[in-house]
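*Asks:* please find the sequence and the predicted model below.
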Amino acid sequence: IKMEAKRVPGLVVFDLDDTLWTPEVYMLEGPFRLNDKGKCVDQSGTVLRFHADTEDILHAMLTDPAYASMKMGLASRSDYPEWAVPALELMRVRDKMTLNDMCHYHEIYPGDKVAHFRKLHKRSGIAYEDMLFFDNEHRNVRSVSTLGVKCVYTPEGLTWKYWRQGLSMFE
């Protein structure tokens, strides 16, 4: 699905747990590894998989010229950054690029998402108003929106519906 947006965000930021992937990292037994099918699994063999339409949306970000100027960031309050960060190298979009390769910036550690976004802003030089954030938790959407970031609540994980809703904020 291609979407022609008049203007796109300078930085699109995703939460990880229950927004981009499932199950949540704290529910798994890290560290992660690739199984014989090339899937990211925990020590018990449970697959860490992309949520909903995530892989298709990330593929569109990689291949659709309309999104060429967008940078990608990750902001996670994970209590297990020592598992989540290496998992970025194991999660591949359509067996091609890893999440880590796609990601220009990431802030993955416990704490308030406002602190994550202050660091993303400082590191990227991108204005808060030119950022778009997707998260499955209301509290994060509420707190980050106070900075002027355009936020989308994603209770079912990242879907095309939420992606279009976010991009429409820039039209």
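*Replies:* That came through, no problem.

*Asks:* who's in contact with stretch 121-132?
*Replies:* Residues from elsewhere that reach stretch 121-132, judged by CB atoms under 8 Å, 6 or more residues apart in numbering: 9-13, 71, 73, 104-105, 117, 120, 147-152, 166-167, 169-170. Where you see a C-beta, it was placed from the backbone N, CA and C, and this is true even at glycine.

*Asks:* distance of residue 150 relative to residue 99?
*Replies:* Distance check for residue 150 against residue 99: by CB to CB, to the nearest Å, it reads 22 Å.

*Asks:* among those two, which residue is more densely surrounded?
*Replies:* For residue 150 versus residue 99, the count of surrounding residues by other CB atoms under 10 Å is larger for residue 99: 24 against 20.

*Asks:* would you list every one of the strands in this protein?
*Replies:* Counting by DSSP state E, the segments of the chain that form strands are 11-14, 21-22, 33-34, 40-41, 49-50, 71-76, 105-108, 131-135, 150-153.

*Asks:* which of those sits closest to residue 90?
*Replies:* Nearest of these to residue 90, taken as CB to CB: strand 40-41 at 4.0 Å.

*Asks:* please enumerate residues in contact with that closest one?
*Replies:* Residues outside strand 40-41 that contact it (CB under 8 Å, 6+ apart): 32-35, 47-49, 87, 90-91.

*Asks:* relative to residue 60, which of the residues you listed is nearest.
*Replies:* Nearest to residue 60 among these, with distances taken as CB to CB, is residue 91, at 16.5 Å.

*Asks:* ok, residue 61 - contacts?
*Replies:* Counting by CB under 8 Å, 6+ apart, residue 61 has contacts 12, 67, 70, 72, 102.

*Asks:* how close does it sit to residue 26?
*Replies:* Residue 61 is 27 Å from residue 26, by CB to CB.

*Asks:* kindly report the same for residue 138.
*Replies:* Distance from residue 138 to residue 26, counting by CB to CB: 19 Å.

*Asks:* again, but for residue 96
*Replies:* Distance from residue 96 to residue 26, counting by CB to CB: 28 Å.

*Asks:* then residue 41?
*Replies:* Distance from residue 41 to residue 26, by CB to CB: 16 Å.

*Asks:* and these two? Which one has more around it.
*Replies:* Taking other CB under 10 Å, residue 41 and residue 26 do not tie; residue 41 has more neighbours (19 against 12).

*Asks:* just the pLDDT at that one, thanks.
*Replies:* Residue 41 is assigned 97 on the pLDDT scale.

*Asks:* partners of it in the sheet?
*Replies:* residue 33, residue 47 (DSSP bridges).
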